[in-house]
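[1] model the following, please.
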Amino acid sequence: MINFEEELKNFQPSLEVEEAESAIYNHDLTDVADIMNELLQELKQIR
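    Numbering: from 1, shown residues only. You can find the predicted model right below:
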């Protein structure tokens, strides 16, 4: 059975849209495009 008092203690409100946007944009993540660019740069240096 769910203990609602315990669940409420763990609750964290979600970010507002502006806060979420800034948190996402300020978090530097490597994506596939970044990896491909690095690989291409390495290949250019080898040749």
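[2] could you export the lengthiest helix in the chain as PDB, CA atoms only?
    Taking DSSP state H as the criterion, the chain has its longest helix at helix 32-46. Output of helix 32-46 as PDB, limited to C-alpha atoms (Å, rounded to 0.1, in the frame of the first residue of the first chain):
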ATOM      1  CA  VAL A  32      25.500  12.000 -32.100                       C
ATOM      2  CA  ALA A  33      26.400  15.100 -34.200                       C
ATOM      3  CA  ASP A  34      29.200  16.000 -31.800                       C
ATOM      4  CA  ILE A  35      30.600  12.500 -31.900                       C
ATOM      5  CA  MET A  36      30.500  12.500 -35.700                       C
ATOM      6  CA  ASN A  37      32.200  15.800 -35.900                       C
ATOM      7  CA  GLU A  38      35.000  14.600 -33.600                       C
ATOM      8  CA  LEU A  39      35.400  11.400 -35.700                       C
ATOM      9  CA  LEU A  40      35.600  13.500 -38.900                       C
ATOM     10  CA  GLN A  41      38.200  15.800 -37.400                       C
ATOM     11  CA  GLU A  42      40.300  12.800 -36.300                       C
ATOM     12  CA  LEU A  43      40.100  11.300 -39.800                       C
ATOM     13  CA  LYS A  44      41.200  14.600 -41.400                       C
ATOM     14  CA  GLN A  45      44.200  14.700 -39.100                       C
ATOM     15  CA  ILE A  46      45.300  11.200 -40.000                       C
END
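[3] roughly how far is that helix from the heart of the chain?
    Mean-position distance between helix 32-46 and its chain equals 22 Å (CA atoms, centre = their mean, to the nearest Å).
[4] neighbouring contacts of it?
    Outside helix 32-46, not one residue touches it by CB atoms under 8 Å, 6 or more residues apart in numbering. C-betas here are computed from N, CA, C, even on glycine.
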